[in-house]
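K.L.:
what's the 3D shape of this:
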Amino acid sequence: MTVRRSAAALATTAVLLGVAAPVAVAPVAVAAPSPSPSADLPAGLYGTTDPTYDGVWRQSLAFLAQKIEYVTPSTQAVDWLVGQQCDSGAFTSYRDASKPCDASTVMDTNATAVAVQALVEINQHREDANNGADWLKSVQNEDGGWGYNPGSPSDANSTSIVIGALARTGVPVNELTTKNSSTPYTALQSLAIACGEKDGGAFAYQPGKKGELTANMDATAASVLGLMGKGIASGTSNAVKDPSCTKGDDLSPEQTAQNGASFLADTLKKQPYLEQAPMPGAEESAPQPDFGNTADAVVALAASGHADKAKASVAWLQKNATGWAKQGGPAATGQLILAAHATGADARSFGGVDLVKQLNSMGPSPAATALPSPTPTGPQPSSGTDSDDGGLSLGWLIGIGLLAGTGIGFLLSMRRKKQQP
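P.N.:
Modelled structure (predicted):
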């Protein structure tokens, strides 16, 4: 649902491009995690890199991607995620669960929101998901939005992913009104660049020092989903529409979302991938592809009724992004699975790579895996399992039953990146 890149994915991209990984200022602390032996990592955690900045994020992205491919995560993996939650309902990016949360614990709205979405989608620990949603409501800013940490200025990415979490738990987002009558949608719409202006339809991450709005691809993909009240594993909209940018001062959230989708479609029409923003302090070099943001834009376009405008980008991702996903770990692989699913591509044969198998290998063995790979609107699989006995395991049957009662939830990637042009 972006979109901001996870710390692990940022570091991987830096390695692939031969540049230094960035270090951002608080509250978005980003460092280059180094590979760690499996023995050094908590049991149940996906990925092999330092989880300090993205442990909860990558675990949740793994669950969201597995869910849409009819994979049931192991109890051990789910227990690890739930164990990261504080009594308040909030999650941190990662913490030592043997120690209780206290006043010094840095709560993370993004980690909380993505964990809530993951728990709802796998239909487990719903009470914990509801507690997370209640905490998110309690830290809403007066402008209607959310920042990365409680009390920090609202940004498009954080607001969007929180909207997705609240919507997935059944909260009427448009009724979350602050004292000054602002809603989460109000906060997002205030970051939209008006149609007719330069980069019209796009969204800024946050206003500049003078209130100026600078187009940010990451924020735009996230905001499209947020204004539609959708989670980051949204799938495809059946309402196919022609992209257009509507002018006006009194637009609905849906219209503003469509403006963002129009901007993404126009941008990807010029070339099938988005480009990375220059790294702060890095030497000037030729623009490089941004695999994660491209995948997130694909999901946003599909969810807003423009999957046809994302076909060239999906083909480009199939040809170019599988190496990035493998090195980026669970979050990056999950992003490609979400993009494949949203556009009807086969995640089990994506550019010659079985992304589902790749993701499953990055954590504890799943409780069950159903075959074949589903399509966004296709029927549930009726047979097949990865279990050794070749039959339908109890976990698989339960997973299929639960799927019937839950929706298919986006994007992301962590969104820890600065504004980009």
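K.L.:
how far away is the closest residue to Thr178 other than its chain neighbours from Lys99?
P.N.:
Closest residue to Thr178 in three dimensions, ignoring its sequence neighbours and counting by CB to CB, 6 or more residues apart in numbering: Glu142, at 5.1 Å. For every residue, glycine as well, the C-beta is placed using N, CA and C. Distance of Glu142 to Lys99, computed by CB to CB, to the nearest Å: 33 Å.
K.L.:
who's more crowded, these two?
P.N.:
Taking other CB atoms under 10 Å, Glu142 and Lys99 do not tie; Glu142 has more neighbours (11 against 8).
K.L.:
Does the more buried one touch Lys179 like I think?
P.N.:
Yes. In this structure Glu142 lies within contact range of Lys179 using CB atoms under 8 Å: 6.6 Å.
K.L.:
For the chain, give the helix that spans the most residues.
P.N.:
helix 253-270 (DSSP state H).
K.L.:
After that helix, which helix or strand is next?
P.N.:
Per DSSP states H and E, the first helix or strand lying C-terminal to helix 253-270 is strand 274-275.
K.L.:
Could you please name the strands that following strand pairs with and the direction of each pair?
P.N.:
Strand 274-275 has the following strand partners under DSSP bridges: strand 289-290 (antiparallel).
K.L.:
Quick one, grab the pLDDT at Leu412.
P.N.:
Per-residue pLDDT puts Leu412 at 39.
K.L.:
and what of Leu371?
P.N.:
pLDDT, Leu371: 71.
K.L.:
Can you list the residue ranges for helices in the stretch 101-250 of the chain?
P.N.:
Applying DSSP state H, counting those that start in this stretch to the stretch 101-250 of the chain gives helices spanning 109-121, 126-138, 156-168, 184-189, 217-227.
K.L.:
so of the ones you listed, which one's packed in deepest?
P.N.:
Stretch with highest mean neighbour count among those: helix 217-227 (a mean of 34; mean count of other CB atoms under 10 Å).
K.L.:
Could you quantify the relative orientation of that one and helix 156-168 as an angle?
P.N.:
20 degrees (axes from the mean of the first three to the mean of the last three CA atoms, to 10 degrees).
K.L.:
ok so Leu64 is a strand residue?
P.N.:
No. Leu64 is assigned helix when assessed by DSSP: H, G, I helix; E, B strand; the rest coil, not a strand.
K.L.:
surely it meets Ile232?
P.N.:
Yes. Using CB under 8 Å, Leu64 is in contact with Ile232, at 6.6 Å.
K.L.:
Which of those two has more residues huddled nearby?
P.N.:
The neighbour comparison of Leu64 against Ile232 (other CB under 10 Å) goes to Ile232, with 36 against 28.
K.L.:
Am I right that that one is in contact with Ile161?
P.N.:
Yes. Between Ile232 and Ile161 there is a contact at 6.6 Å, judged by CB under 8 Å.
K.L.:
Show me what the mean pLDDT comes to for the helix or strand in which Gln358 is found.
P.N.:
Gln358 belongs to helix 355-360 when assigned by DSSP H and E. The average pLDDT for helix 355-360 rounds to 98.
K.L.:
Any buried residues in it, and which?
P.N.:
For helix 355-360, burial by neighbour count (16 or more other CB atoms under 10 Å) applies to Leu355, Val356, Gln358, Leu359, Asn360.
K.L.:
Would you mind pulling up the elements that that helix packs against?
P.N.:
helix 55-68, helix 322-328, helix 330-342 (3 or more CB pairs under 8 Å, 6 or more residues apart in numbering; DSSP states H and E).
K.L.:
shouldn't Leu359 be in contact with Lys67?
P.N.:
No. Using CB under 8 Å, Leu359 is not in contact with Lys67, being 11.4 Å away.
K.L.:
Show me the shaky parts of the stretch 301-421 of the chain.
P.N.:
Where the stretch 301-421 of the chain drops to pLDDT under 70, the residues are 372-421.
K.L.:
nope, the stretch 1-150 of the chain is what I meant
P.N.:
Using pLDDT under 70, the stretch 1-150 of the chain drops low at 1-39.
K.L.:
Run through the strands of it in chain order.
P.N.:
71-72 (DSSP state E, counting those that start in this stretch).
K.L.:
on that earlier part again, for Leu371, find the nearest of the helices of the stretch 101-250 of the chain.
P.N.:
helix 109-121 (19.7 Å; CB to CB).
K.L.:
Between helix 156-168 and that closest one, find me the angle.
P.N.:
30 degrees.
K.L.:
any idea how far helix 109-121 is from the chain center?
P.N.:
10 Å (CA atoms, centre = their mean, to the nearest Å).
K.L.:
do stretch 299-309 as well
P.N.:
16 Å.
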